[in-house]
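>>> fold the following and give me the result.
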Amino acid sequence: MTTTTASSPARSVGFAAVFAVLLGLFVSGYGLLLVPQSPLGGGWILAIGVSLALAGLFAIESVGRRLGLSAATCRTLSLSFAALAVVLFAAFVVVNYASVESFEATSETATGSEASG
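Predicted coordinates for the structure are as follows:
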């Protein structure tokens, strides 16, 4: 008795693509939770999550075929959205670091002037 296993490479989905989509959805949800506290910060985090999710979606072959996109176009879109997510994340870190540094400098100045007076 011979058994044959049919593998369908068209249905295989990469782990990294699925992880990117799930992480993007998680980050987007977190961004939505932050919108009432800080609309700009929440929107920024939401944009990071959406770009990450789109990068993961375009990395899945079946999504590209369903949308009628070539493999090269899907690769370009996936890399573009991933780069956008990285740039948005880096800008978020830089802006928040600068605002924390500015807050600490203001606090030290206020504390120093109170201590001397």
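
>>> distance of Trp44 relative to Leu25?
In this structure, Trp44 and Leu25 are separated by 17 Å, where distance is defined by Cβ to Cβ, to the nearest Å. The way it works is simple: take the backbone N, C-alpha and C, and place the C-beta from them, glycine included.

>>> more neighbours, those two?
With neighbours defined as other Cβ atoms under 10 Å, Trp44 and Leu25 compare such that Trp44 has more, 19 against 15.

>>> separation between Leu57 and Val27?
Where Val27 is concerned, Leu57 sits at a distance of 14 Å (Cβ to Cβ).

>>> can you tell me the element Leu69 falls in?
Using DSSP states H and E, Leu69 maps to neither a helix nor a strand.

>>> who's in contact with it?
With contacts taken as Cβ atoms under 8 Å, 6 or more residues apart in numbering, Leu69 has the following neighbours: 58, 77.

>>> give me the pLDDT for it.
Confidence at Leu69, expressed as pLDDT, is 93.

>>> how about Gln37?
Listed pLDDT for Gln37 reads 92.

>>> next, count neighbours for it.
Gln37 sits with 8 neighbouring residues when counted by other Cβ under 10 Å.

>>> also Leu77?
One way to gauge burial is a neighbour count; for Leu77, by other Cβ under 10 Å, it gives 19.

>>> kindly report the same for Val95.
As a burial measure, Val95 scores 13 neighbours (other Cβ under 10 Å).
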